[in-house]
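K.L.:
here's my sequence, what's the structure:
(chains A and B)
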Amino acid sequence: QKEVEQNSGPLSVPEGAIASLNCTYSDRGSQSFFWYRQYSGKSPELIMSIYSNGDKEDGRFTAQLNKASQYVSLLIRDSQPSDSATYLCAFSISGGYNKLIFGAGTRLAVHP
Amino acid sequence: GAVVSQHPSWVICKSGTSVKIECRSLDFQATTMFWYRQFPKQSLMLMATSNEGSKATYEQGVEKDKFLINHASLTLSTLTVTSAHPEDSSFYICSASTGTGGEQYFGPGTRLTVT
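P.N.:
Next comes the predicted model:
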């Protein structure tokens, strides 16, 4: 069974702080990893993709991938109340028509 | 870029009727489209994967005769919920993939209420 594990939260951080979201996955053959943000009542929105070990930065977001440890994380710098949402980690199944396996999500709450 | 639309955004129907939901990729050709369902405060559940011109692949436990999927072109997939019942009330979301990189881009979702 291919799985993604995420802490459900809520993760509460003060405005301006760094939020750190973590995820582990089960498919060693997976090559593609994604972070989606989902606001309550809305559909998921892709915010980061990462394919190689190491860090990838995009604005206030940094994704980190460690394939040996089967671990991917998302750092949000200078967190804003508008970042309050559920963050879904996903990986693509090797050889699976780009099918993604999603975690249940971590709820982030940024308080002023 | 990578915009996916869904129509309708919400629909209310009576038990026993059928509802069709459209999913379109507006600015790219989608080799594969996916249909998900999400109940309140629960995670996304993949229902089926569809490739243009071929039959959809359904996930275990999803009734293919109840949830009819048609992927007629590289920009359009439809999901028809047949003989809907109140337990089918949910948030249905489609996504589309270009096939490169594996990213999926989600439509805004359709909220279905069956009375």
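K.L.:
residue A:19: neighbour count?
P.N.:
Using other Cβ atoms under 10 Å in any protein chain shown, residue A:19 has 24 other residues around it. Placement of C-beta: from N, CA and C, glycine included.
K.L.:
partner residues bridging it?
P.N.:
Counting by DSSP bridges, residue A:19 is bridged to residue A:76.
K.L.:
one more: residue B:48?
P.N.:
With DSSP bridges as the rule, residue B:48 is bridged to residue B:35, residue B:58.
K.L.:
which residue would you name as the spatial centre of chain B?
P.N.:
residue B:35 (3.5 Å; Cα atoms, centre = their mean).
K.L.:
residues contacting that one?
P.N.:
Contact partners of residue B:35, counting by Cβ atoms under 8 Å, 6 or more residues apart in numbering or on different chains, are B:23, B:46, B:47, B:48, B:50, B:67, B:69, B:77, B:79, B:92, B:93, B:94.
K.L.:
identify the residue spatially nearest to residue 104, adjacent ones excluded.
P.N.:
Just so you know, I chose chain A. Once flanking residues are discounted, residue A:104 sits nearest to residue B:43: 4.2 Å by Cβ to Cβ, 6 or more residues apart in numbering or on different chains.
K.L.:
wrong one, I was asking about chain B
P.N.:
Closest residue to residue B:104 apart from its sequence neighbours, by Cβ to Cβ, 6+ apart: residue B:95 at 4.0 Å.
K.L.:
cool, residue A:23 as well?
P.N.:
Spatially, and ignoring its direct neighbours in sequence, residue A:23 is nearest to residue A:89 (3.4 Å; Cβ to Cβ, 6+ apart).
K.L.:
for chain A, which residues are neighbours of chain B?
P.N.:
Contacts of chain A with chain B, taken as Cβ under 8 Å from any Cβ of the partner chain, map to A:31-32, A:34, A:36, A:42-46, A:49, A:51, A:88, A:92, A:97-100, A:102-105.
K.L.:
buried members of those into PyMOL, please.
P.N.:
If you want just the buried ones from those in PyMOL, going by 16 or more other Cβ atoms under 10 Å in any protein chain shown, the selection is:
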select buried, chain A and resi 32+34+36+43+44+46+49+88+92+97+98+99+100+102+103+104+105
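K.L.:
alright, calling it a day.
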